[in-house]
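S.K.: The sequence and its predicted three-dimensional model are supplied below.
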Amino acid sequence: MAVPDLFIVLCSGEHEKLQMAAMMASVAAVSERPVHFFVSMNAVFAFDGTAPAEARYKGGAFSQLIREKGAPDAIDLLRQGKMLGDLEVHVCSMALDVAGWDEERLVEDLFDGALGLTKFLSDAEGGQLIVL
Amino acid sequence: MGKRTKIDARGAFCPGPLMELIAGLKLIEVGDEIEVWSSDTGSAKDIPEWVAKVGHEMAGVEHCEGYDSIVVRKAK
């Protein structure tokens, strides 16, 4: 039986949720499961290409531990998922509009373009949807 | 018997050792092996699970002092 595609919507700007979303996306993608990753709301700020990681990631006690212990960087994990597996990453076009950003503002070598929620949800029919 | 390549991923956190293994598998021939050293306590279960899912072969898991040695044979 074919495994349904995994659709992940990341809205939260919390570092811990970004980390978990990136771990799930990358591991699923390298496990021969297509993954579609959609970034919206506060999560967009974590992908600001003009800011260093320490300024982009906002979190609590576990975020601190992730940095101190040198756990894999969330954006690097997503890039690995794209390189080694079947992972698409899209940014929410509405979030870009509201933030007043264009796609060039986002971190490099990660995004496959901007997408509307309607298209993403349509694609997600029949798949497994996770919202963080 | 195929060649064996060693990846020392000790100190890397999940899913780092798995990602290093997958990147390494892309560089070797079918029948060759990769031995991953991982201090991440989940790797000894996660890596065999991934190997079974995608169709490679486990060649062994050994618990060493402070790390696990996990050997994977490329099958496709």
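M.R.: Yes, it's here. Residues are numbered from 1 along each chain as shown, chains lettered A, B, ... in the order given.
S.K.: average pLDDT across the longest helix seen in chain B?
M.R.: Counting by DSSP state H, the longest helix found in chain B is helix B:43-54. If you average the pLDDT over helix B:43-54, you get 94.
S.K.: hmm, the helix or strand just after that helix in reach of chain A?
M.R.: Under the assignment DSSP states H and E, the closest C-terminal helix or strand after helix B:43-54 is strand B:57-64. No. Judged by Cβ under 8 Å from any Cβ of the partner chain, strand B:57-64 stays clear of chain A, getting no closer than 15.5 Å. (C-beta placed from N, C-alpha, C; glycine too.)
S.K.: Stretch B:30-38 now?
M.R.: No. Applying Cβ under 8 Å from any Cβ, one finds stretch B:30-38 out of contact with chain A, separated by at least 13.3 Å.
S.K.: got a list of contacts for that stretch?
M.R.: For stretch B:30-38, contacts defined as Cβ atoms under 8 Å, 6 or more residues apart in numbering or on different chains pick out B:2-10, B:12, B:17, B:20-21, B:24-25, B:28, B:43-44, B:47, B:59, B:64, B:67-76.
S.K.: Filter these down to just the ones in helices.
M.R.: Counted as lying in helices by DSSP H, out of the contacts of stretch B:30-38, are B:Pro17, B:Glu20, B:Leu21, B:Gly24, B:Leu25, B:Ser43, B:Ala44, B:Ile47.
S.K.: so which of the residues you listed is the most crowded?
M.R.: The most crowded member of those is B:Pro17, carrying 28 neighbours; neighbours defined as other Cβ atoms under 10 Å in any protein chain shown.
S.K.: roughly how far apart are A:Ala53 and A:Ile66?
M.R.: A:Ala53 is 11 Å from A:Ile66, where distance means Cβ to Cβ, to the nearest Å.
S.K.: ok, then the element right after the worst-scoring helix or strand of chain A on mean pLDDT?
M.R.: Within chain A, confidence by mean pLDDT, DSSP states H and E is lowest for helix A:53-56 among all helices and strands, at a mean of 82. Per DSSP H and E, the first helix or strand lying C-terminal to helix A:53-56 is helix A:61-69.
S.K.: which residues sit against the next helix-or-strand element following that following helix?
M.R.: Moving toward the C-terminus from helix A:61-69, the next helix or strand (DSSP H and E) is helix A:74-84. Outside helix A:74-84, the residues that touch it by Cβ under 8 Å, 6+ apart are A:15, A:18-19, A:21-23, A:25-30, A:35, A:37, A:46-47, A:53, A:57, A:87-89, A:107, A:109-110, B:15, B:19, B:22-23, B:26.
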